[in-house]
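A.B. asks: take this sequence and fold it.
(one chain, ligands or ions: 3)
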Amino acid sequence: MNNIPRHVTIIMDGNGRWAKKQGLKRIFGHKAGVEAVRQATEYAAEKGIDYLSLFAFSEENWNRPQDEVMGLMELMVEAIAGETKTLMKNNVRFRVIGDTSKLPDRVKEKISATEEQTAPNKGLCMIVFLSYSGKWDIIQAMERYMKDDTLKNSPVNQEKFESYLSTAGIPDPDLLIRTSGEQRISNYLLWQVAYTEFYFTDVLWPDFSKTDFQKALDVFSSRERRYGKTEEQVNNLK
Ligand code: IPE
Ligand code: IPE
Ligand code: MG
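C.D. replies: Ligands and ions are numbered 1, 2, ... in the order given. I've put the predicted structure just below:
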């Protein structure tokens, strides 16, 4: 019996090191990373995972050299445009979450068009976190919460607060995978990983195969999630 997570999220790291190893410029690592995204998306759909979310570009990544940032933006446009047909064919819904106001117009336009086109799809929901940071998300939620007059003068309500996070309506990740050997969260989802299982692998993102994905799912299904309860309580509920 395999316990399939409903929402898997991946911090796709190691593109630069992958390129360096082959004596290539960093951008070629990002290009190779797009192929790994295709594989992971296909596999998630095959496995019946409902949500696959991918950390593609952080708020902090804006501080990288300008040519790398521009190259990445160009790659986003190409990848989204190139994949739309496949997304439609595979019934995948595509969404982008993050501070998209900072993105170049061309990227914004491509995103909106693909989000609209794939909105009716009922299969896998693929979420790309772009120009995202966990602290940004919490702050923007707090700002919107404070503007809500219906909530004035009452104690802070957790559910209402969550409804203002950029991930509202999306279940929290069951499993977080980070590639390339780094074991940190890098200001990715903060609030939403309160009870997420973490899986770290040394595999660099462009090398991350369906077999590697399967390994992560196997480890996940062997974990026992207790949510603060005792082992006995959890087993009695089974
Ligand atoms: C992840 O790979 C992709 C992005 C952050 C955009 P990196 O570019 O961080 O690769 P490394 O960590 O330098 O190897
Ligand atoms: C995190 O990777 C962001 C993405 C994968 C998009 P980084 O490579 O930017 O993270 P740090 O800076 O090494 O923590
Ligand atoms: Mg990195």
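A.B. asks: helices and strands around the helix or strand that residue 85 is a member of, which ones?
C.D. replies: Under the criterion of DSSP states H and E, residue 85 resides in helix 66-89. Under the contact criterion of 3 or more Cβ pairs under 8 Å, 6 or more residues apart in numbering; DSSP states H and E, helix 66-89 touches helix 26-47, strand 51-58, strand 93-97, helix 105-118. C-betas here are computed from N, CA, C, even on glycine.
A.B. asks: out of the ones you listed, which is the most enclosed?
C.D. replies: The highest average neighbour count among the helices and strands packed on helix 66-89, using mean count of other Cβ atoms under 10 Å, belongs to strand 51-58 at a mean of 24.
A.B. asks: how many degrees apart are that one and helix 26-47 in direction?
C.D. replies: 170 degrees (axes from the mean of the first three to the mean of the last three Cα atoms, to 10 degrees).
A.B. asks: what lines up beside strand 51-58 in the sheet?
C.D. replies: When sheet partners are counted by DSSP bridges, strand 51-58 sits next to strand 7-11 (parallel), strand 125-132 (parallel).
A.B. asks: got those as a markdown table, with mean neighbour count columns?
C.D. replies: Shown next, in a markdown table, are the strands paired with strand 51-58 (neighbours: other Cβ atoms under 10 Å):
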| stretch | mean neighbour count |
| --- | --- |
| strand 7-11 | 25 |
| strand 125-132 | 23 |
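A.B. asks: nearest to ligand 2, out of those strands?
C.D. replies: strand 7-11 (4.8 Å; Cβ to the nearest ligand atom).
A.B. asks: averaged pLDDT, that closest one. What do you get?
C.D. replies: Across strand 7-11, the average pLDDT comes to 99.
A.B. asks: that strand near ligand 1 at all?
C.D. replies: No: Strand 7-11 does not reach ligand 1 (Cβ under 6 Å from any ligand atom); its nearest approach is 8.1 Å.
A.B. asks: centre of the chain to the following helix or strand past that strand, how far?
C.D. replies: Counting by DSSP H and E, the next helix or strand C-terminal to strand 7-11 is helix 15-21. With Cα atoms, centre = their mean, to the nearest Å as the basis, helix 15-21 stands 21 Å off its chain's centre.
A.B. asks: any idea which element residue 138 lies in?
C.D. replies: Using DSSP H and E, residue 138 maps to helix 134-147.
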